[in-house]
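My questions concern the predicted model and sequence given below.
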Amino acid sequence: MAVQGYSDVRGAAHWPVSMAEELDRIGQFKKKVAIIRLWPDQAAAEHESIERFRAACSLIGVDVVEVDRLGFILNGPRRKIAQDDVDFVISLHYETAKTYDCFSWGALWNPVDFYVEWGLSPYLDNQLSHDGYFVCGSPAVDRMMRSELGDSYEGTPFVQVNHTLSGPIVPARLRDDRRFAYCGINWERLSKAKGRFDALLTRLDERGVLDIFGPEEVRGVRVWEGFKGYKYSVPFDGKTLIEELSRSGAVLAFSSQAHIRSGIMSNRLFEGAAAGALVFADQNPFVSRYFKDEVVEVPLAADGQLDAGFLASALADFNANPEAAFAKASALQNKFVEFYALHRQLLGAFAAYKTARDAKAEKIAALSVETTPTLDAVVLALDENAPLPQDLLTDLVALKGVRTKVTLVTRASPAGPRAFDFLPEGAIELVSAPMAIGDSPNAIGFVLAEVLEGLDGDYVSVFLGHERVFADYGLRLTEALAEGDADAVRTGVVIRHYDPAQRLFEGSEYADYARPVGKRPVPLLTLANFMFRRKALIKASGAFQFMAWSGMQAYLQEKFAKPAVVDAPLCSADLKLYERLRSIGQQPYEAGKAVAVLARYTTPTVKALAEAAPAGMPITAAAIAALPEQERRDIIVSLLKTLPLPPWIIRGGGKIIRLVMGIRRPKR
């Protein structure tokens, strides 16, 4: 049987013909995309999706580059992906935040329950860091995005890209020997619990009509032990599974309750369609809306479980009437090829990306010399032992849509004229910070107050040197300030962490997104997520010149308590580099007098936090505030253990912390 748009060029299975010309008609592209490989050294279902994207992209003439969770290119020199490398990046998992300066698509393929089960923060915030989203027809996910994005929902690109594939396509055929194929991991066996489909699969296995594909062993547990129909673990190569489903002839495409509630269908539906198989599905709303006539819907039995008797009887009937099975399988495959083949949907993603890209280019082109705002970027590089923040300085001079004046504040002038060879001539002004008077260090707030007096731009941003900013940072934030009457604007910040002990499946580094509209605390390790009107900031400078970093931040965030908001990750901060900046926490006054300053200029809550900060560890409190809840809890408990208190008090304190913060102990 011929499949329209597909040619038999790889043996029995059909693959689509090239559609590169259709991409050319949409517009000019680099024809390269990046995909995040979340667990590079472990087998994962996402790897099967990556191979399917690779195959689909090849059909439209696009190359795929793999990157890690921090956006660094895999299988080559360690370098972060950049706009010049790819058209866009695709993130398949809600655990990864946008950490790179490229247009980013996030795949909204998971039920809303998953975010709650794994922790709304940071995972939902990470998911909401992307520029646009792949959607799969879920009303529940759409409602979630409307609530989270608010006014920016209407301007956010959404495009239909399901968790599907392009090929291989095995044409449906007449046959009277179909068997059920089931694919899965059987996670419940790991906790010795009864699987959600255990009784159903056991009954089908006893009848000898079931083929099971999945890992034989997970964490030392033989998850499919006892099932006669178990075959083997299918490699994540994008094609073997389709071949096996075709051999079985019938596919069980069942959903968890979470998937049913959100109306998100198992990708077994699309795999079964590609395999030319007869698909049996539960009553997922997605099936009812889009595939009601092309699949066999399985009712529930009296006990609320899927009806094994119905399945066995229906399979026998279809084997006895192969024409009916062939008609249903063919109709499913034809609808899949026309509307759900991955390479066709990716053409829609490229079209949506082009619309967003062109709109931004038009906005920049409309700026004139008179209308382009001026941004004073003040970089407080006050660590004499650290190298110049070359990456940040390069980012700042390359900002789009603003005239940027970079003021680099150092303890002493850099040695040699070649220190700034990487920057355009005249791109920065070097300012030497006042040194300590006598034995007392100067507060960083005093240094910034002095520097502000010499600025004359429209807007000001402040950096400590450990940050990176995206190319749209200046354009997006100055635009938000120009549109409203706020004196400050706040954007999201990606926080780069480095503690491997907290994440079982993650490498030594990871990143979380702190949303400007989320409930997570404002990170204290940077001010780069704020931009201020210069005149308003100068009015406040008389207060924060008394303060160290934490006090100055608390004061500024109280002073500008209602900033404009740009809900996007336009800058990043490195916790490891920040913690090296011990000097920024030094007060020019002794403890009692410093508290008096805070009491005058900040809220009682901030005052209490300052008084409770561990002696000699002013940076630790700020670092803790920037961490996700679980990490904060572990660090606070560690600090408790250092106090000269009985163990029962420490254990009780840990329990109170968990209760107050709503943290459950991690499962071991």
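Looks like it arrived, so ask away.

Which residue comes closest to the residue of the chain positioned farthest from its centre once chain neighbours are left out?
Largest separation from the mean C-alpha position in the chain: Ala320, at 49.0 Å (C-alpha atoms, centre = their mean). Residue nearest to Ala320 in three dimensions, not counting chain neighbours: Asp176, with 7.2 Å by C-beta to C-beta, 6 or more residues apart in numbering. Heads up, the C-betas are built off the backbone N, CA and C, glycines and all.

what's the average pLDDT for the longest helix seen in the chain?
If you go by DSSP state H, the chain has its longest helix at helix 342-365. For helix 342-365, mean pLDDT is 94.

Using PDB, write out the CA atom coordinates for the helix or strand just after that helix.
Next helix or strand after helix 342-365 toward the C-terminus (DSSP states H and E): strand 374-381. Coordinates of the C-alpha atoms in strand 374-381 are reproduced here as PDB (Å, rounded to 0.1, in the frame of the first residue of the first chain):
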ATOM      1  CA  THR A 374      20.800  55.000  26.800                       C
ATOM      2  CA  LEU A 375      21.700  52.400  29.400                       C
ATOM      3  CA  ASP A 376      24.400  52.900  32.000                       C
ATOM      4  CA  ALA A 377      25.600  49.400  32.900                       C
ATOM      5  CA  VAL A 378      27.700  49.600  36.100                       C
ATOM      6  CA  VAL A 379      29.900  46.500  36.700                       C
ATOM      7  CA  LEU A 380      31.300  46.400  40.200                       C
ATOM      8  CA  ALA A 381      34.300  44.100  39.700                       C
END
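
gap between strand 374-381 and the chain center?
On the basis of C-alpha atoms, centre = their mean, to the nearest Å, strand 374-381 sits 28 Å off its chain's mean C-alpha point.

Please identify the buried residues of the next helix or strand after it?
The helix or strand immediately downstream of strand 374-381 is helix 390-397, counting by DSSP H and E. Residues Asp391, Leu392, Leu393, Asp395, Leu396, Val397 are the ones in helix 390-397 that count as buried (16 or more other C-beta atoms under 10 Å).

okay, the closest residue in space to Lys239 that isn't next to it in sequence: pLDDT?
Spatial nearest neighbour of Lys239, excluding adjacent residues (C-beta to C-beta, 6+ apart): Pro168 at 5.4 Å. Predicted confidence (pLDDT) for Pro168: 90.

Quick check, Pro168 in contact with Glu243.
Yes. Between Pro168 and Glu243 there is a contact at 7.3 Å, judged by C-beta atoms under 8 Å.

Around the residue nearest to Ala320, how many other residues sit close by?
The tally of other residues near Asp176 (other C-beta atoms under 10 Å) stands at 11.

any idea how far Glu271 is from it?
In this view, Asp176 and Glu271 are 22 Å apart by C-beta to C-beta, to the nearest Å.

what does Leu575 give?
For Leu575, the distance to Glu271 - C-beta to C-beta - is 41 Å.

More neighbours: which of the two?
A side-by-side neighbour count of Leu575 and Glu271, using other C-beta under 10 Å, places Glu271 first with 26 against 23.

check contacts around the more buried one.
Residues counted as contacts of Glu271 (C-beta atoms under 8 Å, 6 or more residues apart in numbering) are Leu165, Cys183, Leu241, Ile242, Leu245, Val251.

about what we covered before: hmm, Glu323 and the residue nearest to Ala320 touching each other?
No. Asp176 is beyond contact range of Glu323, at 10.1 Å (criterion: C-beta under 8 Å).

I'd like to know how far the spatially most central residue of the chain sits from Pro322.
Ranked by distance to the mean C-alpha position of the chain (C-alpha atoms, centre = their mean), the top residue is Ala97 at 2.7 Å. When distance is defined by C-beta to C-beta, Ala97 is 50 Å away from Pro322.

quick one, phi psi at Ile36?
Reported as degrees, to the nearest 10, the phi and psi values for Ile36 are phi -80, psi 120.

Name all residues that make contact with it.
Residues in contact with Ile36 (C-beta under 8 Å, 6+ apart) are Glu66, Val67, Asp68, Arg69, Gly71, Val89, Ile90, Ser91, Leu92, His93, Thr96.

Let me have those residues in CSV, extended by distance to His47.
Shown next, in CSV, are these (distance: C-beta to C-beta, whole Å):
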residue, distance to His47
Glu66, 10
Val67, 14
Asp68, 13
Arg69, 14
Gly71, 18
Val89, 17
Ile90, 14
Ser91, 14
Leu92, 10
His93, 11
Thr96, 14
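
State the number of residues packed around the residue nearest to Leu149 when sequence neighbours are not counted.
In space, and not counting its chain neighbours, Leu149 is closest to Thr156: 5.9 Å by C-beta to C-beta, 6+ apart. Using other C-beta under 10 Å, Thr156 has 15 neighbouring residues.

do Thr355 as well
Neighbours around Thr355, by other C-beta under 10 Å: 13.

Give me the spatial nearest neighbour of it, chain neighbours excluded.
Thr355 sits nearest to Pro157 (C-beta to C-beta, 6+ apart), 7.2 Å away.

Per the annotation, how does the protein divide into domains?
Following automatic domain parsing, one finds the domains of the chain at 6-164+343-360, 179-330, 368-617, 628-668.

Just the endpoints, please. Distance across the second one?
Using C-alpha to C-alpha, to the nearest Å, the gap from the first to the last residue of domain 179-330 comes to 17 Å.

re the thing from before, need the contact list for the residue nearest to the centre of the chain.
Pro122, Asp125, Asn126, Ser129, Val494, Ala511, Asp512, Tyr513, Pro569.

Next: Leu332.
Leu332 makes contacts with Ala172, Gly272, Ala273, Val279, Phe291, Glu294, Val295, as judged by C-beta under 8 Å, 6+ apart.

can you tell me how far it sits from Gly272?
Noted for Leu332: a distance of 7 Å to Gly272, by C-beta to C-beta.

Tell me the residues that contact both of those two, please.
Val279.

host element of Asp176?
Going by DSSP H and E, Asp176 is not in any helix or strand.

what's the distance between it and Tyr555?
Counting by C-beta to C-beta, the separation of Asp176 from Tyr555 is 79 Å.

neighbours around the nearest residue to Ala536 once chain neighbours are set aside, how many?
Leaving aside its chain neighbours, Ala536 sits nearest to Asp487 (3.6 Å; criterion: C-beta to C-beta, 6+ apart). Residues within reach of Asp487, counting by other C-beta under 10 Å, total 19.

In contact with Asp487: list those residues for me.
Phe532, Arg533, Ala536, Leu537, Phe560, Pro563.

Which among those residues count as buried?
Judged by 16+ other C-beta under 10 Å, buried ones among these: Phe532, Arg533, Leu537, Phe560, Pro563.

Please identify which of the residues you listed is nearest to Asn110.
Pro563 (31.6 Å; C-beta to C-beta).

where does the stretch 351-500 of the chain dip in pLDDT?
Within the stretch 351-500 of the chain, the segments meeting pLDDT under 70 span 412-426, 434-442, 499-500.

distance between the strand or helix carrying Arg261 and the chain's centre?
Secondary structure assignment for Arg261, by DSSP H and E: helix 257-262. Distance, stretch centre to chain centre, for helix 257-262: 22 Å (C-alpha atoms, centre = their mean).

Can you point out the buried residues in it?
Here helix 257-262 shows Ala258, His259, Ile260, Arg261, Ser262 as buried, counting by 16+ other C-beta under 10 Å.

so which of those comes closest to Arg25?
Nearest to Arg25 among the buried residues of helix 257-262, with distances taken as C-beta to C-beta, is Ser262, at 35.2 Å.

list the contacts for that closest one?
Applying C-beta under 8 Å, 6+ apart, the residues contacting Ser262 are Pro111, Val112, Asp113, Ser138, Ala140, Val141.

Derive a ChimeraX selection command for the buried subset of the residues you listed.
Buried members of these, defined by 16+ other C-beta under 10 Å, are picked up in ChimeraX with:
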select :111,112,138,140,141
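
Pick the one among the contacts of Ser262 closest to Ala366.
Taking these together and measuring to Ala366 by C-beta to C-beta, the closest member is Val141, at 34.7 Å.

tell me the SS of the closest one?
Secondary structure, DSSP: H, G, I helix; E, B strand; the rest coil: Val141 is helix.

Right, I'll leave it there.
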